[in-house]
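K.L.:
just need the structure, nothing else, for what follows:
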Amino acid sequence: MNARTLTAALATLLLGACATSPTGRSQLMMVSDAHMSQMGLTAFNSMRKQGKFVDAPRQRAYATCVANALIAVLPPPWNTQSWEVQIIGDDSANAFALPGGRIGVNMGMFKVATDQNQLAVVLGHELSHVVARHGAERMSDHLAAEAAVAAGTIYAGTRGTNTGYAAAALGLGAEVGLLLPFSRTQESEADELGLRYMARAGFDPRAAPALWQKMAQQGGSKTPAFLSTHPSSAHREAVLGQEAQQLMPVYQQARASGHAPNCRM
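P.N.:
Numbering: from 1, shown residues only. As a prediction, this is how the structure comes out:
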């Protein structure tokens, strides 16, 4: 296939794969929800077989309580899906939600997210990645980037350019100029959506800036914000502080209407 044909095929594919995120952002979506769900279940079952899940009934019940309150306010079909929560024997502060209805929380997260509101910040963020189909979007971005590199490499060869050098340069451009910025956008979008969901579920959104302040104090070397797939903790804290204040009426209305989680470990 020559460069012109490959470029035309890529353009046709991209035009037919447009979607819109819950915040109204345009997305490239070339991977089906069914495929992502199967991948999520496969990954989770692999972790189970590897013995990564630990028997921690108090932590699991607590995380499940917070997760269920959040899931109840998600849009369909995620609010009617069956979700499973497992605890992972890892001391790092991390958690994830996977397409297919699976949630994992590291033991180390409970040392940082020390109450139900702070844990809701984390789980609301992770569930938002699933609702916004960020996994499928990220895979689609990679597929499009690989196709663009292939087309550029073919074209470079017709112009007498060293194709190996062209592929490396185009690959770097795709990584820094396309994939990482989209990934940072996804993280900020998950922050925004997660805050909405936790307020609607009756969790105090003011916990978000407090949590990220604690995350920023975890120490260790910090990746430059330009090359990071996550917004800096300081930036996150400032933005979420403003959004939390705007969502206080939503939170207060949720509590008044009976959404009052009481999750304790």
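K.L.:
now the strands for the stretch 51-200 of the chain?
P.N.:
84-88, 95-98, 102-106 (DSSP state E, counting those that start in this stretch).
K.L.:
show me the contact partners of the shortest one.
P.N.:
Read that as strand 95-98. If you take CB atoms under 8 Å, 6 or more residues apart in numbering as the criterion, strand 95-98 is touched by 40-41, 43-44, 103-106, 109, 122-123, 126-127, 129-130, 135. For every residue, glycine as well, the C-beta is placed using N, CA and C.
K.L.:
mind checking which of the residues you listed are in helices?
P.N.:
40-41, 43-44, 109, 122-123, 126-127, 129-130, 135 (DSSP state H).
K.L.:
quick one: which of these is nearest Q242?
P.N.:
Checking those against Q242 with CB to CB, the nearest one is V122 at 19.6 Å.
K.L.:
if I look at the closest one, how far off is K52?
P.N.:
Separation of V122 from K52 (CB to CB, to the nearest Å) stands at 18 Å.
K.L.:
and these two? Which one has more around it.
P.N.:
When neighbours are counted by other CB atoms under 10 Å, V122 and K52 differ, and V122 comes out ahead with 26 against 16.
K.L.:
that one reaches A113, doesn't it?
P.N.:
Yes - using CB atoms under 8 Å, V122 is in contact with A113, at 5.4 Å.
K.L.:
mind listing the shared neighbours of those two?
P.N.:
By CB under 8 Å, 6+ apart, the residues touching both V122 and A113 are L211.
K.L.:
if we can go back for a sec, show the buried residues in the contacts of strand 95-98.
P.N.:
The neighbour count (16 or more other CB atoms under 10 Å) marks 40-41, 43-44, 103-106, 109, 122-123, 126-127, 129-130, 135 as buried among these.
K.L.:
from those, which has minimum pLDDT?
P.N.:
In terms of pLDDT, the lowest of the buried ones among the contacts of strand 95-98 is G135, showing 79.
K.L.:
okay, now the spatially closest residue to T23 that is not a sequence neighbour: neighbour count?
P.N.:
Distance criterion CB to CB, 6 or more residues apart in numbering; nearest residue to T23, sequence neighbours excluded, is E189 at 5.6 Å. When neighbours are defined as other CB under 10 Å, E189 has 21 of them.
K.L.:
next: the one 4 residues further on.
P.N.:
If you count neighbours by other CB under 10 Å, L193 ends up with 21.
K.L.:
and the gap between it and A113?
P.N.:
18 Å.
K.L.:
could you tell me the end-to-end distance of stretch 104-115?
P.N.:
17 Å (CA to CA, to the nearest Å).
K.L.:
oh, and call the first residue 39 from now on, that's how I've got it
P.N.:
Let's use 39 as the start, then, which means that last one is stretch 142-153.
K.L.:
who's in contact with that stretch?
P.N.:
Contacts of stretch 142-153 (CB under 8 Å, 6+ apart): 82, 85, 91-92, 94, 97, 100-101, 123-136, 156-157, 159-161, 245, 249, 252-253, 256, 303.
K.L.:
for the protein, what helix or strand is lowest in average pLDDT?
P.N.:
helix 201-212 (a mean of 42; mean pLDDT, DSSP states H and E).
K.L.:
now stretch 251-260: mean pLDDT?
P.N.:
Here stretch 251-260 scores 67 as its mean pLDDT.
K.L.:
for the stretch 139-288 of the chain, which spans come out with low pLDDT?
P.N.:
Across the stretch 139-288 of the chain, the ranges flagged by pLDDT under 70 are 178-220, 257-269, 271.
K.L.:
hmm, try it at 50
P.N.:
In the prediction, the stretch 139-288 of the chain carries residues with pLDDT under 50 at positions 187-195, 197-220, 262-265.
K.L.:
the residue nearest to T61: what's it in contact with?
P.N.:
Taking CB under 8 Å, 6+ apart, we find E227 in contact with 59, 61, 63, 166, 170, 172.
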